[in-house]
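Visitor: No letters, just coordinates:
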């Protein structure tokens, strides 16, 4: 028996996100009785884990192969996706077979994209091994690879058949990677669930470690918010339908990401995603304050909570032109108009479209630091 919690994603094809320990036994049922072949996509750093998953599937009577990819964002390229397709073709994969993604957010993005595009869509199950993967990347059906022009510009919506969040994987996660994932947890706190902020504020040191007293509650709360948002707006149809916090639908999940993705591109993906999003949240907090929409007290709360768990809140000066060019390629932009998810107050997300260029520069100057 496991101590698992099941969080339902009531999308077009409903599925469960299972949170707990020792969850590998759940995998065959999520793959389904019709599946005969399974490809386990994993990064090189998780070779042993990928092999263990393959061996377990083989023991269940399935023909399983592993596909090893580069670590991190280096896996999210057309070349790596093409390599995965070649393995599937050489292994005789049909539309009744499946892909399993084992790793962090980059791996689940890639595995989902490969599954979405092979024979126009095969079953995929994700086994995220990082906090970022568990609370964000593996849930919701967004799949993508990067191009030289930007992050996640080529992708598809393809819901998983299930997600297994085995908390045991976090016990060996490097501290900086765990803290990076906390940016996505705090993002949800700022936009949608202030109980997350209260838990972090009460014990920042405990929140910053995988075995902290509130780790599981923080993870489950973050997953629950994302599950609710994507259940109502899988394909980011837009806020006009009144779905999700603030009526923004799925777009609310992009809080901090326009500037954050620009940082990642300018830094050639050497910054962790969560660190970039943390600075991105500070940027839009300042932007909202300069636009007269967010109080300075709420900006301070952003800075204090992010810094308390070890996330960055500043970015070097002198890089505005490159950042601005990168933001213009953001998926949320409309024509030449930049579009930001901001807060009118904590827990009240909204949109800011086409802000005055002077405000954009002023907000950057506010986040400039050493």
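Guide: Noted; the coordinates are in hand. As the structure is a prediction and not an experimental result, all values here were calculated from the model.

Visitor: On the three-state scheme, residue 270 is what?
Guide: Of the three states, residue 270 takes coil under DSSP: H, G, I helix; E, B strand; the rest coil.

Visitor: right, and the helix or strand after the host helix or strand of residue 221?
Guide: Here residue 221, judged by DSSP states H and E, is contained in helix 215-232. Next helix or strand after helix 215-232 toward the C-terminus (DSSP H and E): helix 257-266.

Visitor: Against which helices or strands is that next one packed?
Guide: Judged by 3 or more C-beta pairs under 8 Å, 6 or more residues apart in numbering; DSSP states H and E, helix 257-266 is in contact with strand 150-157, helix 273-290, helix 320-328, strand 339-345. All C-beta atoms are positioned from the backbone trio N, CA, C, and that covers glycine.

Visitor: who's in contact with the very next helix or strand once past the last one?
Guide: Moving toward the C-terminus from strand 339-345, the first helix or strand encountered (DSSP H and E) is strand 348-353. Residues outside strand 348-353 that contact it (C-beta atoms under 8 Å, 6 or more residues apart in numbering): 191-192, 239, 245-246, 248, 251-252, 255, 284, 287-288, 291, 293, 334, 337-344.

Visitor: picking that back up, right, so the helices and strands packed on helix 257-266: which one is the most enclosed?
Guide: Mean neighbour count (mean count of other C-beta atoms under 10 Å) peaks for helix 273-290 among the helices and strands packed on helix 257-266, with a mean of 26.

Visitor: Excluding chain neighbours, give the residue nearest to residue 146 in space.
Guide: In space, and not counting its chain neighbours, residue 146 is closest to residue 76: 4.7 Å by C-beta to C-beta, 6 or more residues apart in numbering.

Visitor: before we move on, the earlier item: so which bits of the helix holding residue 221 are buried?
Guide: Buried residues in helix 215-232, counted by 16 or more other C-beta atoms under 10 Å: 215-216, 218-231.

Visitor: Widest-spaced pair of these?
Guide: By the measure C-beta to C-beta, 215 and 231 form the most distant pair in the buried residues of helix 215-232, at 24.4 Å.

Visitor: wouldn't residue 196 be in contact with residue 221 here?
Guide: Yes. Judged on C-beta atoms under 8 Å, residue 196 makes contact with residue 221 at a distance of 5.5 Å.

Visitor: any residues in contact with both of these two?
Guide: Residues touching both residue 196 and residue 221 (C-beta under 8 Å, 6+ apart) are 185, 188.

Visitor: Next, give phi and psi for residue 176.
Guide: Torsion angles at residue 176 (phi, psi; degrees, to the nearest 10) stand at phi -60, psi -30.

Visitor: quick one: it from residue 310, how far?
Guide: 8 Å (C-beta to C-beta, to the nearest Å).

Visitor: which one of the two has more residues nearby?
Guide: residue 310 (18 against 12; other C-beta atoms under 10 Å).

Visitor: Which secondary structure state does that one sit in?
Guide: Under three-state DSSP, residue 310 comes out as coil.

Visitor: burial count for the nearest residue to it once chain neighbours are set aside?
Guide: Once flanking residues are discounted, residue 310 sits nearest to residue 179: 4.7 Å by C-beta to C-beta, 6+ apart. Counted with other C-beta under 10 Å, the neighbours of residue 179 add up to 21.

Visitor: Checking my notes, residue 179 in a strand, right?
Guide: No. The assignment for residue 179, made by three-state DSSP, is helix rather than a strand.

Visitor: Show the contacting residues for it.
Guide: Contacts for residue 179 were tallied using C-beta under 8 Å, 6+ apart; they are 208, 274, 309, 310, 311.

Visitor: is it true that the third one touches residue 203?
Guide: Read that as residue 309. No. In this structure, residue 309 is not within contact of residue 203 by C-beta under 8 Å, at 10.1 Å.

Visitor: neighbour count winner among the two?
Guide: A count of neighbours by other C-beta under 10 Å puts residue 309 above the other of residue 309 and residue 203, at 20 against 13.

Visitor: Could I get the contacting residues of the residue nearest to the more buried one when sequence neighbours are not counted?
Guide: Spatially, and ignoring its direct neighbours in sequence, residue 309 is nearest to residue 208 (4.5 Å; C-beta to C-beta, 6+ apart). By C-beta under 8 Å, 6+ apart, the contact set of residue 208 is 175, 178, 179, 182, 309, 310.

Visitor: Quick check: closest non-adjacent residue to residue 317.
Guide: In space, and not counting its chain neighbours, residue 317 is closest to residue 368: 4.1 Å by C-beta to C-beta, 6+ apart.

Visitor: For that neighbour, give the beta-bridge partners.
Guide: Here residue 368 sits in beta bridges with residue 315, going by DSSP bridges.

Visitor: Repeat that for residue 102.
Guide: The partner residues for residue 102, given DSSP bridges, come to residue 127.

Visitor: do residue 68 as well
Guide: In beta-bridge terms (that is, DSSP bridges), residue 68 pairs with residue 42.

Visitor: what's around it, how many residues?
Guide: Around residue 68 there are 18 other residues, counting by other C-beta under 10 Å.

Visitor: got it, and residue 364?
Guide: 19.

Visitor: wait, it sits on residue 320?
Guide: Yes. Under the criterion of C-beta under 8 Å, residue 364 makes contact with residue 320 at 5.2 Å.

Visitor: quick revisit: sort out which one of the contacts of residue 179 lies nearest residue 152 for me.
Guide: Distances from residue 152 to the contacts of residue 179, taken by C-beta to C-beta, are shortest for residue 274, at 15.4 Å.
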